[in-house]
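[1] Here's my sequence, what's the structure:
(chains A and B)
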Amino acid sequence: MKPTKPMMKFSMEENLENTKIVLDANIVIAYFSQKDPCHAQALLCSKLLENQLKVLNTLIVSEIATVLLVKTKDKYLASQVVDKFISNKYSKTRMYACDSSLLRSTSAIFKAFNDTKLSFQDCSIIALARKLKAHTIATFDKDLRKAFAHEFAFLPKSI
Amino acid sequence: MTYNKSKIKVLPIKLADALYQDLKYVAEKQHTSMAEIVRKHIEPVQETAENLRKKHQQKSKPKDIFEDLKHLIYTGPLYEADKTDDEILYGGKLGEY
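    Numbers count the residues shown, from 1 in each chain, chains lettered A, B, ... in the order given. Sure, this is the predicted structure:
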């Protein structure tokens, strides 16, 4: 797939001021599961993102709800987390509905990418990042990082 | 703005004598009331109030969702811990992390 944006890589700690960061579900899931192998990294990542605008889409929120429920069997936790993300209560968190335009862009990325390792949800993250002109994505997904390393910076810096 | 009689507040306002006389003079010359002149001058405050309210609402929102929800972090055992999120969702492994 051809890159649609120039390469944008930078030192995360230095240049995160007023940056939009697109969140993947695995960051949120690892943050809320203390025994998740990525929990410590998710905590660190959350600190780095404290003052940044965190954005995610509704497909990702549904993934967060389902996986948190399966992993913890704690319906209260899963629903609380989702409710808070969709509440618009936080000045530094924005939720974007996966409307027809975003779905079309997602589908185009899904179709164009010659690899079976990326899910539709993964592609929706890229579509949202492109739509919002966000240059940074927070994810633990190695395939996503590898596939779009030419286009986006990723958090945490190394996994 | 319309001033419905059932929804008005009367604001007692102290003015210096000279200013009062000037206000009265202008009202007479412009064939309007002193109250109308005062109202015209203070109506833009509505916009300022609206902007201040918006600012206050924005400020009163907690900033960071992770910090606000850290009390919810689940400390118990994880089910399906050997499976990736993709395996949980789709039953198969798409990628890895």
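[2] For chain B, tell me whether whichever helix in chain A runs longest is touching it.
    In chain A, assigned by DSSP state H, the helix with the most residues is helix A:58-72. Yes: shown here: helix A:58-72 in contact with chain B (CB under 8 Å from any CB of the partner chain) through A:63, A:66, A:67, A:68, A:70, A:71, A:72. (Each C-beta comes from the backbone N, C-alpha and C, glycine too.)
[3] now the strands for the chain?
    I went with chain A, as the question did not name one. In chain A, the segments counted as strands under DSSP state E are A:20-23, A:53-57, A:93-96, A:136-138, A:153-155.
[4] my bad, chain B
    According to DSSP E, chain B contains no strands.
[5] pLDDT weak spots in it?
    Residues of chain B meeting the criterion pLDDT under 70: B:1-5, B:92-97.
[6] How about the residues of it by chain A?
    Going by CB under 8 Å from any CB, the residues of chain B near chain A are B:58-59, B:61-69, B:72-81, B:85-86, B:88-90, B:94-97.
[7] Go through those residues and flag which are in helices.
    Per DSSP H, the residues of chain B next to chain A map to helices at B:58, B:59, B:65, B:66, B:67, B:68, B:85, B:86, B:88, B:89, B:90.
[8] how about residue A:127, what does it touch?
    With contacts defined as CB atoms under 8 Å, 6 or more residues apart in numbering or on different chains, the neighbours of residue A:127 are A:102, A:105, A:106, A:108, A:109.
[9] So how do I select the buried members of the ones in helices among the residues of chain B next to chain A in ChimeraX?
    Selection of buried members from those for ChimeraX, criterion 16 or more other CB atoms under 10 Å in any protein chain shown:
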select /B:65,66,85,86,88,89
